[in-house]
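Peer 1: sharing a model prediction with you, sequence too.
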Amino acid sequence: MSQKQNLYGVLAEFPTASAIYHACEKVRDKGFKNWDAHTPFPVHGLEKAMGLKPSKVPWIVLVLGLSGASGGMLLQWWINTQAYPLVISGKPLFSWQAFVPVTFELGVLLGAFGAVFGMLFINRLPMWYHSLFRSQRFEKVTDDKFFISIEACDPKFDPTATSKMLTELGATHVELVEQ
Amino acid sequence: MSSNHSKAINPSEVMLPQSHWLSKTPVVALVLGLVALGIALAMSLGSHEKVELLQWSFHTSYLYFLSMALGALFFVLVQFATRAGWSVVVRRFAENYAATLPLFALLFLPMLTGFHSLFHHWTGEEYKADPLIAAKSAYLNVPFFVVRGFIYVLIWSIIGVYYYRNSVRQDETGDKSITVKLQKSSYPSIALFALSISFCAFDWIMSLDPHWYTTMFGVYYFAGSIMVVYALLLLTTLAVRGRTKMSHYVTVEHIHDLGKLLFGFNVFWTYIAFSQYFLIWYGNIPEETLFYAKRSLADYGGAQWLPWSIALMVGHFAVPFLFLMSRHIKRQPLLVGLGATWMLIIHYVDIHWLIRPNWVNELNSFGIIDVLTLVGIGGLFFGVAGLLLKRKSLVPQKDPRLTESMSFENM
């Protein structure tokens, strides 16, 4: 049991993009939840093979974008009609036309913040250390090798059975990685 | 990973089947178009005011469908200029629409009868003394106007037919150098297109109100036309996909991309439309603001057009912006088709709103004559495009980038 507590999970190496694609389909169908695929370049359709749910980032962008836009309009309304009313070129104090550029820009700015920081937050980045970096072979992930990692915290995880399964799925090398 | 498509194209698979409903409609559309124009003419002859209504209505419908053909021409040119891979499977539809431009050269001729109605604001003797119009007379005079008009339609017809001819020739020969040749000629063509569409918008729409001027107007008409062409390509794609093998070629990925571009260029239209309004509102110069006054303020005869202005703000921006934003909607053929249909309709509202408030007459409201000219010019436009559609392959079957296009996927 002590071995399992120290274990991060199992790391399997695949030689080609199509090998990892088909392996991902099998891992998905077996019902694993806490696992990931690592590739040197984006593999088209891999998110479908992994059964990933649509990203939550668009919702963060929507909420922040709308708050940015409405906040921008509100800010200008408050400045121009409450805090410091000043008639400019004879136009009404609340001239929404003049406020559109700032409203738009703040909507875009907060939307962009939502996209970048929302993505970082959901990915739990920045992360200074990751257990997979213990593996020497994993360095090849930025070169020409493809990896699937299944974490020990997955309810279906079993060190020997999961390793055996990954070998059967075409992994050329399987290793256990410690925390 | 994409599924493996076979590399060899079966030529019979990419032709419109005889049994498909679209192979019967072009002739019906042509006949219907001619009949509608005939009825419109018969209803108008005899009364001076009704002839004038017909001229305004014809002008509106002409510029509506012309914007589609010009948008299609620009789409084709940009695909070649950027060596686009994804769009090859839908490019032939745009080539067909762009090849209808000689029809618009022909339909340009009735505009030349409009100097005492459409363009009377600057052709009439009583305006010679108007200093603003006198200052523009070096540009805005009848002979130069006519010459320019012929130059525009000539440029468009030549480019449109040239791209269609060469593309269908590649279907037979498979000559890859045609792609290179069309790419090279796309750059000067885009320059000619940009100049001709801008000046055509100045001449044919902006001059209807000769006091008013905005340097953005060429871009405004262009923004509408490039937006509407994606709606048109989407609907064409959806119509052709049913009951043909085309669904192997044009997948939901291409529909998604056309939807994205429709959404994007609709936002571009909004950006241009608002910027134009914004600068005029800020500057507050009488001859500029009058354009918006005539379309919104009751004192300037704008009560009739206020609902149209609001319809544009809501229907051309707010509704499609929210509706077409979602990825799920853009990947659902029925829903994105609904969005495209909406954009086709609202684009007509835009063109009508640009042109018609310049005519002060109690007959001037959307009515039966407008329906007839829409069916008339639309029937001829879709009839000719439909004949071209069934005449040749539905995709550029020997284009070197066809396989790349077929296996295209969004991330």
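Peer 2: Received, thanks.

Peer 1: quick one: buried residues of stretch B:266-276?
Peer 2: The neighbour-count check on stretch B:266-276 (16 or more other C-beta atoms under 10 Å in any protein chain shown) flags B:Asn266, B:Val267, B:Phe268, B:Trp269, B:Thr270, B:Ile272, B:Ala273, B:Phe274, B:Ser275, B:Gln276 as buried. Just so you know, the C-beta spots here come from the backbone N, C-alpha and C atoms, and that holds for glycine as well.

Peer 1: so who does the last one touch?
Peer 2: Which is B:Gln276. When contacts are counted by C-beta atoms under 8 Å, 6 or more residues apart in numbering or on different chains, B:Gln276 touches B:Thr214, B:Met216, B:Phe217, B:Tyr220.

Peer 1: buried ones among the residues you listed?
Peer 2: Buried members of those, counted by 16+ other C-beta under 10 Å: B:Thr214, B:Met216, B:Phe217, B:Tyr220.

Peer 1: still on that earlier bit, can I get the contacts of B:Gln276 in a markdown table with pLDDT, secondary structure and distance to chain A?
Peer 2: Putting these into a markdown table (pLDDT from 0 to 100; DSSP: H, G, I helix; E, B strand; the rest coil; distance: C-beta to the nearest C-beta, whole Å) gives the following:
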| residue | pLDDT | secondary structure | distance to chain A |
| --- | --- | --- | --- |
| B:Thr214 | 91 | coil | 16 |
| B:Met216 | 93 | coil | 16 |
| B:Phe217 | 96 | helix | 19 |
| B:Tyr220 | 97 | helix | 17 |
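
Peer 1: just the CA trace of the helix or strand harbouring B:Thr373, in PDB.
Peer 2: B:Thr373 belongs to helix B:368-391 when assigned by DSSP states H and E. Extracted as PDB, the C-alpha positions of helix B:368-391 are listed here (Å, rounded to 0.1, in the frame of the first residue of the first chain):
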ATOM      1  CA  ILE B 368     -45.400  44.900 -54.400                       C
ATOM      2  CA  ILE B 369     -43.000  46.600 -56.900                       C
ATOM      3  CA  ASP B 370     -40.100  45.800 -54.600                       C
ATOM      4  CA  VAL B 371     -41.200  42.200 -54.300                       C
ATOM      5  CA  LEU B 372     -41.400  42.000 -58.100                       C
ATOM      6  CA  THR B 373     -38.000  43.600 -58.700                       C
ATOM      7  CA  LEU B 374     -36.500  41.300 -56.100                       C
ATOM      8  CA  VAL B 375     -38.000  38.200 -57.700                       C
ATOM      9  CA  GLY B 376     -37.000  39.700 -61.100                       C
ATOM     10  CA  ILE B 377     -33.300  40.400 -60.600                       C
ATOM     11  CA  GLY B 378     -33.000  37.600 -58.000                       C
ATOM     12  CA  GLY B 379     -34.500  35.100 -60.500                       C
ATOM     13  CA  LEU B 380     -32.100  36.100 -63.200                       C
ATOM     14  CA  PHE B 381     -29.100  36.100 -60.800                       C
ATOM     15  CA  PHE B 382     -29.900  32.700 -59.300                       C
ATOM     16  CA  GLY B 383     -31.100  31.300 -62.700                       C
ATOM     17  CA  VAL B 384     -27.800  32.100 -64.300                       C
ATOM     18  CA  ALA B 385     -25.800  30.900 -61.300                       C
ATOM     19  CA  GLY B 386     -27.900  27.700 -61.200                       C
ATOM     20  CA  LEU B 387     -27.300  27.000 -64.900                       C
ATOM     21  CA  LEU B 388     -23.500  27.300 -64.200                       C
ATOM     22  CA  LEU B 389     -23.900  25.100 -61.100                       C
ATOM     23  CA  LYS B 390     -25.400  22.200 -63.100                       C
ATOM     24  CA  ARG B 391     -23.200  22.700 -66.100                       C
END
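
Peer 1: pLDDT score assigned to B:Gly46?
Peer 2: The model reports B:Gly46 with a pLDDT of 87.

Peer 1: SS state for it?
Peer 2: Following DSSP: H, G, I helix; E, B strand; the rest coil, we place B:Gly46 in the coil state.

Peer 1: touching stretch B:111-118 from outside, list them.
Peer 2: With C-beta under 8 Å, 6+ apart as the test, stretch B:111-118 has contacts from B:51-52, B:55-56, B:59, B:62, B:123-124, B:142, B:146, B:149, B:204, B:208.

Peer 1: end to end on it, go ahead and measure it.
Peer 2: End-to-end distance for stretch B:111-118, by C-alpha to C-alpha, to the nearest Å: 8 Å.

Peer 1: next, the buried residues of stretch B:302-315.
Peer 2: Across stretch B:302-315, burial judged by 16+ other C-beta under 10 Å covers B:Gly302, B:Gln304, B:Trp305, B:Trp308, B:Ser309, B:Ala311, B:Leu312, B:Gly315.
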